[in-house]
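**Q** pasting the structure only:
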């Protein structure tokens, strides 16, 4: 029944003419799960395949770069991707040393999708379905997506059952489910399954599970399977190579023979060997960084940012994973070499991800490049949950007390936010924003001014030229409120249609966030109100005067030069000071000093 359910869902996914079969597939899957709690893979697969069919999925980002390998191997029987690139509308002018079109993505996913895509093409051809000569169409992408989901689900069940023998069924299931459903993997399984991350996680999870099993079985075959899973993880993303430490930890713990180690190493190299061959064909070298030597600087200077940053930091976006890291530390005694290997792999992954040019992984959902370490965090989380169960058994009131303590902190937070304010409604979205600002102030107060840059990246993470205002155009009419300090009017329109804010005497400031300070030149576009004679405008950066210039009653560019030494990483306060203010009408002092359109950086 489960097999039939999975088959129906698979047909509904890859053949648009059979969409209605998904209802039968889902119904049979639910019935199968009710009848048996042990044979769950196939009915769960049927339910999993119904998700991308029902909600749709994306082939954006690098998805089609991975699938191009599948297309070229099946349709052309070669690795010349020129016709794939042309069909997809990609740039085809660049050539490698071997004269072929480059593809910086790994070949692993494309190879793993081959069987399902070939079967889909055979089915569509035999039934006169909507086929494509290069296999670059929706049904084939759906087949690849279904393959990713099938392997990911199988690895999750394997890891959960393997961990159950050490930590208990409930703890293991909870840990594995949390690491998948509360991490980027859910996105790369349901939304962008043609990226490499779902498969990389799956084979990394298999490596952990098979290594734990090989330690118990102590056979060369078991170690070869573990080694093959390492090679497959590396085939999907070469950054999985440090997971060899996990395999080495298992070999050491089991006091394995040299034959066992050789079997594991041979299987790993055989599985990864396809990538070496592809690099040789495409680039003329067996080992290469396809993105270019400049892609990794090996400094690790962003290692903290990839963990704690509002710009897709691992723990900012997926806080439950921090518990997994804590668990690896707590379980050092129980897990021994596995915990040590896990922590080393985690540290190296943070270093490597913090060394790449696009450390925030460009158009990523969350910290997607930590896919290789997520199974290790599941190991740590399972250990932490097992430890927590023992603690709560001895102290059953600990959890309620912690909950009540959280309620007290919540109330103190409300008192601090609302003191001195008139009694009024507090919308939850406004309250949440104020509590985040409150937490930021507390952290800054604890760690002091020296940590302001780190705190800014953790709580805000926006930086000019990086992920905010890429052209350096700080338009006062559109500038986000978080970057507008005091001293400004509301947005106003001039007679010529220009939108601006009035600078209120004596000073108005904005915040310019910078990631890596450097020498900057720019200008302020402003004018003086006609009633003010001989207005003087002074530009100040972080308390240091940049320039002083007259401001006439016409739109004028006031230039400035801001050397690197005056900037700081994080928030910079850029202020405009006016010498005079506009006389008010009938004795009213309006304090208008200048009309300012924007602060323009390069």
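**A** Arrived safely. Every value quoted in this text rests on a predicted model; they were computed, and no experiment measured them.
**Q** Sort out which residues of the strand or helix carrying residue 117 are buried, please.
**A** Assigned by DSSP states H and E, residue 117 belongs to helix 114-126. Buried residues in helix 114-126, counted by 16 or more other C-beta atoms under 10 Å: 114, 116, 117, 118, 120, 121, 123, 124. Backbone N, C-alpha and C define where each C-beta goes, glycine included.
**Q** how big is the angle separating the following helix or strand past that helix from helix 114-126?
**A** Beyond helix 114-126 in the direction of the C-terminus, DSSP H and E gives the next helix or strand as helix 138-167. Interaxial angle of helix 138-167 relative to helix 114-126 (axes from the mean of the first three to the mean of the last three C-alpha atoms, to 10 degrees): 140 degrees.
**Q** show me what contacts the closest residue to residue 461 other than its chain neighbours?
**A** The shortest distance from residue 461 to any non-neighbouring residue, by C-beta to C-beta, 6 or more residues apart in numbering, is to residue 310 (3.1 Å). When contacts are counted by C-beta atoms under 8 Å, 6 or more residues apart in numbering, residue 310 is found next to 316, 457, 458, 459, 460, 461, 462.
**Q** Residue 310 - that's part of a strand, no?
**A** No - when the secondary structure is assigned by DSSP: H, G, I helix; E, B strand; the rest coil, residue 310 falls in coil instead of a strand.
**Q** Which pLDDT value belongs to it?
**A** We note a pLDDT of 93 for residue 310 in this prediction.
**Q** And for the one 3 residues further on?
**A** The per-residue pLDDT reported for residue 313 equals 94.
**Q** Next, give phi and psi for the residue nearest to residue 461.
**A** Note on residue 310: its backbone torsions stand at phi -70, psi -20 [degrees, to the nearest 10].
**Q** and what of residue 509?
**A** Here is the backbone geometry of residue 509 (degrees, to the nearest 10): phi -130, psi 150.
**Q** what residues are up against it?
**A** Going by C-beta under 8 Å, 6+ apart, residue 509 touches 485, 486, 487, 573, 574, 575, 576.
**Q** Turn the buried ones among those into a named ChimeraX selection, would you?
**A** When burial is assessed using 16+ other C-beta under 10 Å, the buried subset of the contacts of residue 509 is captured in ChimeraX by this command:
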select :487,574,575,576
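**Q** Run a quick neighbour tally on residue 369.
**A** Counted with other C-beta atoms under 10 Å, the neighbours of residue 369 add up to 25.
**Q** Nearest the geometric middle of the chain, what residue?
**A** Nearest to the geometric centre of the chain sits residue 366, at 2.2 Å (C-alpha atoms, centre = their mean).
**Q** correct me, but that one touches residue 312?
**A** Yes - the pair formed by residue 366 and residue 312 meets the contact definition of C-beta atoms under 8 Å, at 5.6 Å.
**Q** Return the helix or strand in the protein with minimum mean pLDDT.
**A** Lowest by mean pLDDT, DSSP states H and E among the helices and strands of the chain is helix 332-335, with a mean of 82.
**Q** buried residues in the helix or strand following that helix?
**A** Sequence-wise, the next helix or strand downstream of helix 332-335 (DSSP H and E) is helix 337-353. Buried residues in helix 337-353, counted by 16+ other C-beta under 10 Å: 337-339, 341-343, 345-346, 348-353.
**Q** Kindly calculate the angle that helix 337-353 makes with helix 138-167.
**A** In this structure, helix 337-353 runs at an angle of 140 degrees to helix 138-167, with the same axes, to 10 degrees as the basis.
**Q** And the residue nearest to the centre of the chain, what's its pLDDT?
**A** Model confidence at residue 366, given as pLDDT, is 92.
**Q** Enumerate every residue touching it.
**A** 183, 184, 187, 312, 314, 317, 318.
**Q** what would those look like in CSV with secondary structure and neighbour count?
**A** Putting these into CSV (DSSP: H, G, I helix; E, B strand; the rest coil; neighbours: other C-beta atoms under 10 Å) gives the following:
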residue, secondary structure, neighbour count
183, coil, 27
184, helix, 28
187, helix, 18
312, coil, 23
314, helix, 29
317, helix, 19
318, coil, 23
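**Q** Just the closest of those to residue 529, please.
**A** Closest approach between the contacts of residue 366 and residue 529, by C-beta to C-beta: residue 312, at 44.4 Å.
**Q** just the strands in this protein please.
**A** 473-475, 488-493, 499-504, 507-514, 520-527, 536-541, 544-550, 556-562, 570-578, 592-600 (DSSP state E).
**Q** most packed of those strands?
**A** Comparing the strands of the chain on average neighbours per residue, with mean count of other C-beta atoms under 10 Å, the densest one is strand 592-600 at a mean of 23.
**Q** Run through the stretch 1-150 of the chain and note the low-pLDDT ranges.
**A** For the stretch 1-150 of the chain, no stretch has pLDDT under 70.
**Q** can you pick the most crowded of the contacts of residue 310?
**A** Ranked by neighbours (other C-beta under 10 Å), these are led by residue 457, which has 24 neighbours.
**Q** Quick check: it vs residue 302, distance?
**A** Separation of residue 457 from residue 302 (C-beta to C-beta, to the nearest Å): 10 Å.
**Q** before we move on, what about residue 507?
**A** 35 Å.
**Q** Ok, residue 393 next?
**A** Plainly put, residue 393 is 42 Å away from residue 302 if you go by C-beta to C-beta.
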